[in-house]
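In: Structure for this input, please:
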Amino acid sequence: MPITADDPLYRLLAWSSPAYPIGAYSYSHGLEWAVESGLLRDRAGVVAWLDGVLRQGAGRIDGAVFAAAWRAATAGDDAALDAVADLALAWRGTAELALESEAQGAAFLLVTRAAWPEPRLDAFAGRWPGRVALPVAAGLAAACHGVPLEPALTAYLAGMAANLVSAALRLVPLGQTDGQVAVAALSPSVAAATAAGLAADLDELGGAAPMVDWCSMRHETQYTRLFRS
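Out: Numbers count the residues shown, from 1 in each chain. Purely as a prediction, here's the structure:
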């Protein structure tokens, strides 16, 4: 059966594409300093680092926030959705990581409202002008457009992994084939982060990736930089 523009899968493929214009290519999530300082030198190191990001860092946090936003939107509970949106803005350890999430979130909401209009997206944007974390914007859009939670969250986290591998290609540097080997190796990490996000309790949410925050803070004063984070 052909995929049409109204098919939730079509929308999910569009939103998770590197061509979706939210500026993801301009952020490295602290990888730039990790490479500069010699912490990451090869593909194996990059895979191990990103496994930690997905399982214990931003992947763990974003997965839980995405799922909570999707569920609140699906239930039509604006108060719960706003509470998730507020919490998500606090879940970044540095100024650059906050910028990374909020700038992409605002761009995602803006582009999605233009290309895939939906009244509930407009209503949310009216309540949250200018500041919205990316997992909230993406989870809300998936719910509003009937994309099931588990594949939507998997696509979101796979996109996170692929974008950071793309940054590593330019920074380490790695070859294109090494990059795809890294993406393949991160499949279990994405699956684990998805499962954790689906099962998470926001009242007990936490992460454990202090080296990522340290690298992000050092990146803020790095002399020459390709990336915004």
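In: Do a quick rundown of the helices in the chain.
Out: 8-15, 31-36, 43-56, 58-74, 78-90, 95-115, 119-127, 134-144, 149-171, 176-185, 187-199, 210-219 (DSSP state H).
In: Going by mean pLDDT, which of the ones you listed comes out lowest?
Out: Note on the helices of the chain: lowest mean pLDDT is at helix 8-15, with a mean of 89.
In: got the angle between it and helix 149-171?
Out: 20 degrees (axes from the mean of the first three to the mean of the last three C-alpha atoms, to 10 degrees).
In: Please identify the buried residues of helix 8-15?
Out: By 16 or more other C-beta atoms under 10 Å, the buried positions in helix 8-15 come out as 11-12, 15. C-beta here means a position set from N, CA and C on the backbone, and glycine is covered the same way.
In: do the same with stretch 51-66
Out: Buried residues in stretch 51-66, defined by neighbour count with 16+ other C-beta under 10 Å: 51-66.
In: Need the max-distance pair from these.
Out: Farthest-apart pair in these is Asp51 and Val65; separation 19.9 Å (C-beta to C-beta).
In: From Asp82, how far off is the residue positioned nearest the centre of the chain?
Out: Centroid check for the chain by C-alpha atoms, centre = their mean gives Met160 as the closest residue, at 4.9 Å. Per C-beta to C-beta, to the nearest Å, Met160 is found 24 Å from Asp82.
In: try Asp203
Out: 17 Å.
In: The two - which one has more neighbours?
Out: Asp82 (15 against 5; other C-beta atoms under 10 Å).
In: dump the residue contacts of the closest residue to Pro151 other than its chain neighbours.
Out: The shortest distance from Pro151 to any non-neighbouring residue, by C-beta to C-beta, 6 or more residues apart in numbering, is to Leu12 (6.5 Å). Residues near Leu12 by C-beta atoms under 8 Å, 6 or more residues apart in numbering: 142, 147, 151-152, 155.
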